[in-house]
Structure formats: C-alpha cells, structure tokens
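1. Here you go, sequence then predicted model.
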Amino acid sequence: MTKAAMFQDPMFHDEDKAREALEAELWPNGPVCRHCGCSAPEKIAKVGGKKQSHRAGLYYCNECEGQFTVTVGTVLERSKVPLTKWLMAAHMFNSGKNGVSAHEIHRTLGVTYKTAWFMMHRLREAMNELDPPRMGGRGKSVQADETYYGNSSKRSKSYRKGHSHKASVVALIEPHGRARAFHVKSANLKEVGKILLRNVHRTSELHTDESRLYVDLGRMFAAHKKVEHGGAGHGQGIYVADDGTTTNAAENFFGNFKRSMRGTYRFCSEQHLQKYLNEFQFRHNHRAKLGFTDGERTAAALKGIEGKRLTYRPTDEAKS
Ligand SMILES: [Zn+2]
C-alpha cells in the first residue's frame, strides 16, 4: 500500500475517529476503568456526550468515582500531540522492516523534530515486550551470540578503535521464531549466564560459537552444540557444523540490526541502545514471515501503550 493510500483512513484526519479506533483496539469489550480496572457496562458512563465543554472521550466510573480517557495511564498520557498523528506515527513505524526516522515523522506529520523524537521514544516504549515467555523448550533449539555495536565511521567524532570502546549486545534467537536482544555492560559469564537462565527453557538445546563463555553455561541445558568459526566456512559468513548446527539466525539478526540502524537512524548512543534493540526485536517478532501484516504489527504496538511506566516527563514534549 502506498503511503498516500494508507493515510486515506478517517482515523488519520478526524480526532474522534482516531480515539474510537484506539478505544476499539484497547477495549474490544467496552471501556475499562483506568483507575480500578472495573469494566461492568452499568458502572461506566460516558461524560458529556458531544458537548464542547467536556473533554472528548471522557468516561466516569461509578465504582471508584474516577474519570478517565483511553490514553490515561498509557505512554500517550498528557501528550499535546493529536491522536491522529500518534496513529500515523505508529503506522509509519510499523510498516516495513526498517522503522522510520524522526526526520521523516517530523516532515510527514508536521510536528517539530524534537516532538517527533519524543513520539518515537514513546512508541519504542510501547513496543518493549514486558515479561515475554521463555524461549525454546523440549526438542527446540535456541542460538545465543554476542556482538559489538559502535560507531564504525572513522570520520565520526566518537570513533575509537577496538571492541573495548563498543557496546556489547547479546542475542537469543529461536531459528524461524522469536528473538531477544540485550545491551550488557560486558558480555561476560555472569551477564550472559543471567540472561540465558532467565530467558531460555533449560530443556532447550543451546547453539553457540566455540567461545569459552558457553562451555560451563552449555552444561545447564539439555544439550550444547558448538559451531566452529575457524572451520571451513569461515570468512564466507557460513558457520555450519558437520551435524547442521549453525548460529546463522543470530548472525543474521545482528547484521539486519546494524544495517537497519545505519540506514534509518545513522547511529545511536549507548544510552539509548536498548530502546532501539527493543524496537528491532519487536519488529522481528511480529514479522511477515511469522504471519503478521503491517496492520497487525501496528495493532500489537498500540496494545503495548498500556501498562508501561512513563519514562518521560510530560513537560519534555511541551518544551520542544
Ligand atoms: Zn474505576
């Protein structure tokens, strides 16, 4: 679908339609009180109807006597940006593989660059998958691998040679399935061990390279298979052990992440790296190959605006 055709929908132009679309997405069975969780239809009343004097989309809960709208308690709370623009940004963010730059959001939506930047960080917050289920399981394999992320442009001010100046990233990948990526201080036994034990079923088969890091950790899983990077395929990007074990999925994930970062965002500082990893991971876990359409991916991202701690003061956006 072209961008022009995509934005024909009234929800991108009419604030009431945008709010109704968001309500339908977050409250498929009718409004739920943002304060006490009450969803009994006889206890929730719409306030004011169409009267101008009332805040649009306002509900009153008879159970706790509180008032709420669909955005209360979400990452969109107290935003000055119209919902039509939030929906547009969420759609642009989730169409295609590579995300969208703050510059493109700024130009397309007609908001300032700073506002676009804050919107994107809030949407990244929405795409952060909280408490995802453990990966792998009996008869399944999980690949674990590390990489280093840093500015590789020698002309950049922040360029410094060597791995020690780069950020370490650990990824866990189910071949043809889901992925999870973590920015760690250092990819050492303690950090990687913590991540593995928290996120992977111990009944899984662990696939890694021959790094010493995994020798002891591997014993905690049903089986541990190692791919020798020094083997015949080395240098051609092919890492397949004789028995078919590979860490290709992990290497592809890192390759795609770095390419996408370079193409869309140029570079991000270490401070924000985990947020970009979350975004990339979300898109990977809702990719077309797993059966998700652009629309379903956007809907999943919008669902994620609920239950997230607000990490930005509302004034940050107002200042921009
Ligand atoms: Zn209530």
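-> Nice, thanks for sending it over. Everything quoted here is computed from the prediction, not taken from an experiment.
2. Strands of the stretch 51-200 of the chain, residue ranges please.
-> With DSSP state E, counting those that start in this stretch, the ranges of strands along the stretch 51-200 of the chain come out as 59-61, 66-68, 141-149, 167-173, 179-184.
3. cool, the stretch 201-320 of the chain as well?
-> 205-209, 223-227.
4. For the ion, which of those strands is the nearest?
-> Taking C-beta to the ion as the criterion, the ion comes closest to strand 205-209 out of the strands of the stretch 201-320 of the chain, the separation being 46.5 Å. Where you see a C-beta, it was placed from the backbone N, CA and C, and this is true even at glycine.
5. Quick check: buried residues in that closest one?
-> By neighbour count, with 16 or more other C-beta atoms under 10 Å as the criterion, the buried positions of strand 205-209 are 205, 206, 207, 208, 209.
6. these two touch, right, the second one and residue 218?
-> Yes: between residue 206 and residue 218 there is a contact under C-beta atoms under 8 Å: 5.4 Å.
7. joint contacts of the two?
-> Contact criterion C-beta atoms under 8 Å, 6 or more residues apart in numbering; residues shared by residue 206 and residue 218: residue 224.
8. For residue 198, grab the count of nearby residues.
-> Here the neighbour count serves as a burial measure; for residue 198 (other C-beta atoms under 10 Å) it reads 10.
9. do the same with residue 220
-> Going by other C-beta under 10 Å, the residues that sit close to residue 220 add up to 13.
10. which residues does it contact?
-> Contacts were defined as C-beta under 8 Å, 6+ apart; by that measure residue 220 touches 196, 197, 202.
11. circling back to that earlier point, reformat the strands of the stretch 51-200 of the chain as JSON lines; add mean pLDDT, mean neighbour count and distance to residue 36.
-> JSON lines is the format used below for the strands of the stretch 51-200 of the chain (pLDDT from 0 to 100; neighbours: other C-beta atoms under 10 Å; distance: least, C-beta to C-beta, whole Å):
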{"stretch": "strand 59-61", "mean pLDDT": "95", "mean neighbour count": "19", "distance to residue 36": "6"}
{"stretch": "strand 66-68", "mean pLDDT": "94", "mean neighbour count": "17", "distance to residue 36": "7"}
{"stretch": "strand 141-149", "mean pLDDT": "92", "mean neighbour count": "23", "distance to residue 36": "40"}
{"stretch": "strand 167-173", "mean pLDDT": "93", "mean neighbour count": "23", "distance to residue 36": "37"}
{"stretch": "strand 179-184", "mean pLDDT": "95", "mean neighbour count": "21", "distance to residue 36": "33"}
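12. In JSON lines: those, plus distance to the ion.
-> Compiled in JSON lines, the strands of the stretch 51-200 of the chain are given as follows (distance: least, C-beta to the ion, whole Å):
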{"stretch": "strand 59-61", "distance to the ion": "3"}
{"stretch": "strand 66-68", "distance to the ion": "5"}
{"stretch": "strand 141-149", "distance to the ion": "42"}
{"stretch": "strand 167-173", "distance to the ion": "39"}
{"stretch": "strand 179-184", "distance to the ion": "35"}
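13. Which among those is found nearest to residue 261?
-> Of all these, strand 141-149 sits nearest to residue 261, with 7.8 Å by C-beta to C-beta.
14. Who are the packing partners of that closest one?
-> Strand 141-149 is packed against strand 167-173, helix 189-199, strand 205-209, helix 248-260, with contacts defined by 3 or more C-beta pairs under 8 Å, 6 or more residues apart in numbering; DSSP states H and E.
15. which other helices and strands contact the third one?
-> Identification of packing neighbours for strand 205-209 by 3+ C-beta pairs under 8 Å, 6+ apart yields strand 141-149, helix 213-218, strand 223-227.
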